[in-house]
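# Provided below are the primary sequence and the corresponding predicted coordinates.
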Amino acid sequence: MSAVQASRSASNPASLLALLALSFGCMRCSTDAGDVAPNPSVGTPSSAGALAGTAGHSSAAAPPVQGGAGGANDAGASQAGSSEDNGGQGGAGQEPAAPIPEFNGCSSADYVDRSATGAERIIGIATEGLTFTPPCLIIAVGQTVRWQGSLGSHPLAPGNPDHADAGSADSPIRPTSSGQSVEFTFHAAGTFPYYCELHAFGDGQGMAGVVHVEP
């Protein structure tokens, strides 16, 4: 404000108030303009929006917490399955039946099971060539087996051609060389080989067989 203006304002109070208001307004405009000026330390609105978008994307990509609970459930199911498997093995822990000793060419797969009540326990002598039919038989204790055919042409004997005492002891089979049939009852469990004295050869070749008696 110049000296002349001040002198005039002093004589006119209204003019003085007007000048003061004008001066104050200019100072405020200058201050507001300074506030609007960009601050290098503060990001622009667009930068702030980008930062906010990045933060939101990170939150959406985070894995759900409940996924961990599912893994725990899976582990529990796996443990339960293992327990069941172990229980099954325990139930199968019983010792398997002992394999039938192999005599006269009879292996486990060759046996015919005739141990059922009412089953026919007849062994044919040379009814299908120079062989016993069936040559390998399974029965139970107390059951009787009949050899049927010409015993004169095919004499029956216990054991095998190479070892007369092969198999279990006390075989009920007795040497027989006459008649058309003979029967023997098996009172004890065991494996009892037999053969034809004329048509059997070593290693189970020819007319030879086994009666296996289960308890």
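Arrived safely, thanks for sending. Residues are numbered from 1 along each chain as shown.
# now name the helix or strand holding Tyr194.
Assigned by DSSP states H and E, Tyr194 belongs to strand 190-200.
# neighbouring contacts of stretch 173-189?
With contact meaning CB atoms under 8 Å, 6 or more residues apart in numbering, stretch 173-189 is reached by 139, 141-152, 155-158, 168, 170, 172, 192, 194, 197, 211, 213-215. For glycine as for every other residue, the C-beta is placed from the backbone atoms N, C-alpha and C.
# where do the strands sit along the chain?
Ranges of strands in the chain, per DSSP state E, are 112-113, 122-125, 132-133, 136-140, 144-148, 156-158, 181-185, 190-200, 206-214.
# okay, those strands, which one's buried deepest?
strand 206-214 (a mean of 24; mean count of other CB atoms under 10 Å).
# show me what it is packed against.
Helices and strands touching strand 206-214, by 3 or more CB pairs under 8 Å, 6 or more residues apart in numbering; DSSP states H and E, are strand 132-133, strand 136-140, strand 190-200.
# which residues in the protein form helices?
With helices called from DSSP state H, the chain shows them at 3-11, 13-36, 45-61, 66-91.
# walk me through the domains of the protein.
As given by automatic domain parsing, the domain ranges for the chain are 1-35, 108-214.
# which one of those has the lowest average pLDDT?
With a mean of 49, domain 1-35 has the lowest mean pLDDT of the domains of the chain.
# number of nearby residues for the residue lying closest to Ile139 once chain neighbours are set aside?
In this structure, Ile139 finds its nearest non-sequential neighbour in Ser115, 5.1 Å apart by CB to CB, 6 or more residues apart in numbering. Ser115 sits with 15 neighbouring residues when counted by other CB atoms under 10 Å.
# return the residues in contact with Ser115.
Applying CB under 8 Å, 6+ apart, the residues near Ser115 are 138-140, 143, 214.
# same question for Tyr111.
100, 136-138, 210, 212.
# and Gly159, how many residues sit next to it?
Residues within reach of Gly159, counting by other CB under 10 Å, total 20.
# thought it was touching Cys196?
No. Counting by CB atoms under 8 Å, Cys196 is not a contact partner of Gly159; they are 11.9 Å apart.
# how many neighbours does Pro161 have?
22.
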